[in-house]
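Asks: Have a look at this prediction, sequence included:
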Amino acid sequence: MAGTIWLVGMMGAGKSAVGEALAANLGLPFCDADDEIEREAGVGIPKIFEAEGEAGFRARERGVIAAWAGKRAVISLGGGAIAEPGQAKALAAAGTVVYLRATAPTLLERVGQGESRPLLSGLDAEGRLRRLISLLEQRSGAYETASLVIDTDGREVGALAAELAKRLEEAA
């Protein structure tokens with residue numbers, strides 16, 4: 001497999017956990033784009049959203065994508081990264097896009113109260129579920145452009161990473 005392995009999907013799909021395990025399995029560097037953005041900004045993502053809005057966050061995200069594009073590494077992207085105009089094609093051109101898919105109820109369970117998730121903050125459980133469903137509907141077309149799709153509901157991180165490593169090797 002050549003280029004970057006881009007992990008896409010909704011918040012709570014398992015991109016960070018699976019990405020870290022997958023990178024270890026493949027002996028590649030791992031980058032969580034959100035962590036990289038926070039490190040570069042010196043503040044958490046909620047503060048970035050507060051100060052710069054989603055547009056400012058997405059601009060920072062594009063910078064991380066550009067820095068890693070084409071490098072042999074596993075990159076966990078923010079939930080909306082691939083849905084930005086032109087990003088699906090750009091990501092595919094720079095490597096392999098993998099969609100970690102989960103249902104809205106699973107996502108809700110995994111994100112909990114959503115305090116660190118700007119798109120969910122201030123919502124009760126029903127509101128968070130409705131927002132997750134809405135975001136899934138908005139982004140599903142972009143997610144489905146991925147080369148590989150793997151369902152994460154009810155799955156253990158290590159098993160997902162091992163299956164994904166195998167599927168990537170088969171696809172190479």
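Replies: Great, that's in hand.
Asks: what packs against the helix or strand G53 falls within?
Replies: Under the criterion DSSP states H and E, the helix or strand holding G53 is helix 45-68. With contacts taken as 3 or more C-beta pairs under 8 Å, 6 or more residues apart in numbering; DSSP states H and E, helix 45-68 sits against helix 33-41, strand 74-76, helix 87-94. To be clear about C-beta, it is placed using only N, CA and C from the backbone, and glycine gets the same treatment.
Asks: and V8, what does it touch?
Replies: Taking C-beta atoms under 8 Å, 6 or more residues apart in numbering as the definition of contact, the neighbours of V8 are 15, 77, 79, 81-82, 91, 97-100, 142-143, 146.
Asks: separation between it and L123?
Replies: Relative to L123, V8 is positioned 23 Å away (criterion: C-beta to C-beta, to the nearest Å).
Asks: Same question for S76.
Replies: From S76 over to L123 the distance is 24 Å, taken as C-beta to C-beta.
Asks: Give the residue from those two that has the larger number of neighbours.
Replies: For S76 versus L123, the count of surrounding residues by other C-beta atoms under 10 Å is larger for S76: 28 against 16.
Asks: Is that one bridged to anything, and to what?
Replies: With DSSP bridges as the criterion, the beta-bridge partners of S76 are L7, D32.
Asks: mind checking pLDDT for it?
Replies: The predicted local distance difference test score for S76 is 97.
Asks: pretty sure it is touching M11, no?
Replies: No - taking contacts as C-beta atoms under 8 Å, S76 lies outside contact range of M11: 10.9 Å.
Asks: Are we agreed that L120 is in a helix?
Replies: No - for L120, which was evaluated using DSSP: H, G, I helix; E, B strand; the rest coil, the result is coil, with no helix membership.
Asks: Now do it: how many residues are near it, please.
Replies: Neighbour number of L120 under other C-beta under 10 Å is 22.
Asks: between the helices and strands packed on helix 45-68, which one is nearest to E54?
Replies: Each of these was scored for nearness to E54 using C-beta to C-beta, and the closest is helix 33-41 (12.5 Å).
Asks: Any buried residues in the closest one, and which?
Replies: Within helix 33-41, the residues that count as buried by 16 or more other C-beta atoms under 10 Å are 33-34, 36-38, 41.
Asks: Using JSON lines, lay out these together with distance to L108.
Replies: Rendered in JSON lines, the data for these read as follows (distance: C-beta to C-beta, whole Å):
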{"residue": "A33", "distance to L108": "22"}
{"residue": "D34", "distance to L108": "19"}
{"residue": "E36", "distance to L108": "26"}
{"residue": "I37", "distance to L108": "24"}
{"residue": "E38", "distance to L108": "24"}
{"residue": "A41", "distance to L108": "27"}
